[in-house]
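Visitor: could you look at this predicted model? Sequence included:
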There are 2 protein chains.
Amino acid sequence: MELLSTNVCFEGEHRRYRHTAAALGCTMEFAVYLPPAAVGRNPRPVPALYWLSGLTCNDQNFMQKAGAQKQAARLGMAIVCPDTSPRGLGLPGEDDSYDFGTGAGFYINATEQPWAPHYRMYDYVVKELPQLVEDQLLLTDKRAISGHSMGGHGALICALKNPGRYASVSAFAPIANPSECPWGQKAFTGYLGTDRSRWEEWDATLLIPTARERLPLLVDQGTSDEFLDSQLNPDVLADACEKMHHHINLRMHRGYDHSYFFIASFIDDHLNHHAEALGLR
Amino acid sequence: MELLSTNVCFEGEHRRYRHTAAALGCTMEFAVYLPPAAVGRNPRPVPALYWLSGLTCNDQNFMQKAGAQKQAARLGMAIVCPDTSPRGLGLPGEDDSYDFGTGAGFYINATEQPWAPHYRMYDYVVKELPQLVEDQLLLTDKRAISGHSMGGHGALICALKNPGRYASVSAFAPIANPSECPWGQKAFTGYLGTDRSRWEEWDATLLIPTARERLPLLVDQGTSDEFLDSQLNPDVLADACEKMHHHINLRMHRGYDHSYFFIASFIDDHLNHHAEALGLR
């Protein structure tokens, strides 16, 4: 992997890398924040939080806007931010809309043409990217996962589908039941086809009944989020959890919207939640 | 003034406004962060930090990238972010370069045509904007000022030229002696003409000898800042201060660059510095 840039930040380092992603068949960029513990005089491997961003984002939105580095530095936690889709493949229609194709990979493995060979963001974020960064950077194999909106959906399904792989999971304003909202239906139809039975393994709410690991879910949601009722529906996820006695801490925050001002306001709580599970505090 | 948007952030509010700026003869947008103390159930007026951004920025860069709201919320301090120049005037050449014209007002009052009637960012940030927001929002008349790069220069000259107007001043990587660097010389020649004696009142280093108020200067500078030697020259400012026994705390931070990752790393120190002077702690 090729180092694109380094910025010192809270005595740690924010770095951007480029590499060829085998799972996606294209060149990808990603960002890593390494806390002081991993870059200082006696550096040691640290666990990592994988952050999955929402529609239209790339690896930079979270790093620039969430204000997460201060607490990550204190805790000794790395943060890994992948991009949100393959880029620059030239597939027909890939740039036609903000909620499908480029910037909208939905963290699933596509089965429909022409997306199937490339839109495999699930394999990329669950397997290829962790293997790469754990191999080449000073990271342990302890992982936590979180994300926002489309990335909140991504974080939940990655954790629910992979018992033992993540110490903890959380989400900000996740698309909690994508099979039943316009964003999810458009993406799943395009990437997976019209057979709804094939959507189930990519929908957090539908994965809860068969989850083999009861990892507690921390979910933050703003009450003034413009997408709350039309796209996000955390209540449906909470209901599914309640039915299965799967622990969920759904926190509704009065007045907060879908922006990074919301994420910044509560990111430290999430970092602390993950730090606990990762044995950092 | 017209409210463009509101985002709840750390229980306070980030707001964007549009208004017609008399000093500039155009429509301007700006951002304000109001801490919980000023928007909660028993709101009370709070003092404000004016933040002046650098070249190419608008009112949003600091609000989105500096991570300042958490500490501002705790301290009960508002933050006011103006834009960096007039916008959309259609003056010949205003959009030709990143370091002159649009996005590059340099917080001075131009005397040369065609800039003179509009490029009066000094009057705007020192007088018009504070008057407006103190009149229309829950702000006291206690003010602090800070900024980055071109905005660090702006903060220093606004404070040095206006004894009693600001409780405190600080700067990140300021253009400390603009008369002697390419950015400053280009801007001053264009806005003020070639007579260098007319530049002196807009150059922090040259203002130190006649400063009527010895407001201590807090200046943070990264040692890996790509503009340190060519454009910023904080040493020259420090020398001028030393000669006049004007207190300066110039902190050189090993490895940090010119980015917002640098600003975010030390913004809380600056907020605490201003809070002290504003009587907030």
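Guide: Nice, I can see it.
Visitor: secondary structure class of residue A:264, three-state.
Guide: helix (DSSP: H, G, I helix; E, B strand; the rest coil).
Visitor: tally of neighbours for it?
Guide: If you count neighbours by other CB atoms under 10 Å in any protein chain shown, residue A:264 ends up with 21. Every C-beta, even on glycine, is put in place using the N, C-alpha and C of the backbone.
Visitor: return the residues in contact with it.
Guide: The neighbours of residue A:264, taking CB atoms under 8 Å, 6 or more residues apart in numbering or on different chains as the test, are A:65, A:66, A:67, B:9, B:10, B:67, B:69, B:70.
Visitor: look at it and report its pLDDT.
Guide: We have a pLDDT of 98 for residue A:264.
Visitor: any idea which of the contacts of residue A:264 is closest to residue B:134?
Guide: Nearest to residue B:134 among those is residue B:69, at 20.3 Å by CB to CB.
Visitor: just the strands from the stretch 101-250 of chain A, written as ranges.
Guide: Secondary structure of the stretch 101-250 of chain A (DSSP state E, counting those that start in this stretch): strands at A:139-147, A:168-172, A:217-222, A:248-253.
Visitor: which residue sits closest to residue A:242, ignoring its sequence neighbours?
Guide: residue A:248 (7.7 Å; CB to CB, 6 or more residues apart in numbering or on different chains).
Visitor: number of residues surrounding the closest residue to residue A:152 other than its chain neighbours?
Guide: Once flanking residues are discounted, residue A:152 sits nearest to residue A:174: 2.7 Å by CB to CB, 6+ apart. Number of residues near residue A:174 (other CB under 10 Å) recorded here: 33.
Visitor: got the contact list for residue A:174?
Guide: Going by CB under 8 Å, 6+ apart, residue A:174 touches A:147-149, A:151-153, A:155-156, A:204, A:219, A:232, A:234, A:237.
Visitor: likewise residue A:21?
Guide: By CB under 8 Å, 6+ apart, residue A:21 lies in contact with A:27, A:28, A:86, A:124, A:128, A:129.
Visitor: and it, how close does it get to chain B?
Guide: As judged by CB to the nearest CB, to the nearest Å, residue A:21 and chain B stand 25 Å apart.
Visitor: just the pLDDT at that residue, thanks.
Guide: We have a pLDDT of 98 for residue A:21.
Visitor: that one bridge partners, please.
Guide: Using DSSP bridges, the bridge partners assigned to residue A:21 are residue A:26.
Visitor: that one and residue A:1, how far apart?
Guide: 10 Å (CB to CB, to the nearest Å).
Visitor: how about the strands of the stretch 101-250 of chain A, which one is nearest residue B:254?
Guide: strand A:139-147 (24.4 Å).
Visitor: need the residues that contact the closest one.
Guide: A:38, A:45-54, A:77-78, A:130, A:133-134, A:152-155, A:158-159, A:165-172, A:174, A:270, A:274, A:277-279.
Visitor: circling back to that earlier point, what pLDDT is listed against the residue nearest to residue A:152?
Guide: Reported pLDDT for residue A:174: 98.
Visitor: next one: residue A:144
Guide: Per-residue confidence at residue A:144 stands at 98 (pLDDT).
Visitor: hmm, back to that, which phi and psi does the residue nearest to residue A:152 have?
Guide: Per-residue torsions, residue A:174: phi -70, psi 150 (degrees, to the nearest 10).
Visitor: how many neighbours does residue A:194 have?
Guide: Residues near residue A:194, counting by other CB under 10 Å: 10.
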